[in-house]
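>>> 3D, please:
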Amino acid sequence: MAQTPFLSRFVNLYHASWDHHSNLDAELAFNCGMADQPVAALLKDLKQRGLLDETLVVWMSEFGRTPLGENRNGNTNVSGRDHHPFAFTLWLAGGGVKGGTVLGKTDEIGWNVTEDPVHVNDFHATILHLFGLDHLRLTYRFQGRDFRLTDVAGKVVTKLLA
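The predicted structure is shown next:
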């Protein structure tokens, strides 16, 4: 498995209002409408300029969302979705990722992972690999214990690589 050259420049964009614990219908529709065309334009622009192959685009959140409505303290006006740390959706484009790949599956209500789970350590190992870094070589010893960005676990998810 060939390593890609290390990408020395990157940009992080954050949008803070995706934490929909309430007002799900209105807020989700607003945020999707706000993000859809600009993200599509970014990908199209990168591709037209020949930069998508060397630019990794990652779209993700802090957590997944439960498939259940969240109503707090009997307040029926609060309708959102709570954090779900075991299953969530993210997408990758460009930067050495195999386009069109769908990996993983949940049960019919989105509660449990049923196929191809990817642990966060595996995801981090894969991102580091796409940046041209071997996560295994980033190990350092401190007070008798090995540490690294992927803890002492993580493996590159080769199914995602172009």
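
>>> Show me how far the helix or strand of the chain with the lowest mean pLDDT is from its chain's centre.
None of the helices or strands of the chain scores lower by mean pLDDT, DSSP states H and E than strand 64-65, at a mean of 82. Distance of strand 64-65 from its chain centroid, counting by Cα atoms, centre = their mean, to the nearest Å, is 11 Å.

>>> mind listing what it pairs with, with the direction of each?
strand 83-84 (antiparallel) (DSSP bridges).

>>> got the contact list for the strand it pairs with?
62, 63, 64, 65, 66, 67, 110, 111 (Cβ atoms under 8 Å, 6 or more residues apart in numbering). Every C-beta, even on glycine, is put in place using the N, C-alpha and C of the backbone.

>>> Tell me the strands beside the helix or strand just after that strand, with direction?
Later in the chain than strand 83-84, the nearest helix or strand by DSSP states H and E is strand 91-94. Here strand 91-94 has these sheet partners by DSSP bridges: strand 56-59 (antiparallel).

>>> ranking the contacts of strand 83-84 by neighbours, who comes first?
residue 65 (22 neighbours; other Cβ atoms under 10 Å).

>>> what sits against it?
So residue 65 contacts 20, 81, 82, 83, 84, 88 (Cβ under 8 Å, 6+ apart).

>>> who does it bridge with?
With DSSP bridges as the rule, residue 65 is bridged to residue 83.
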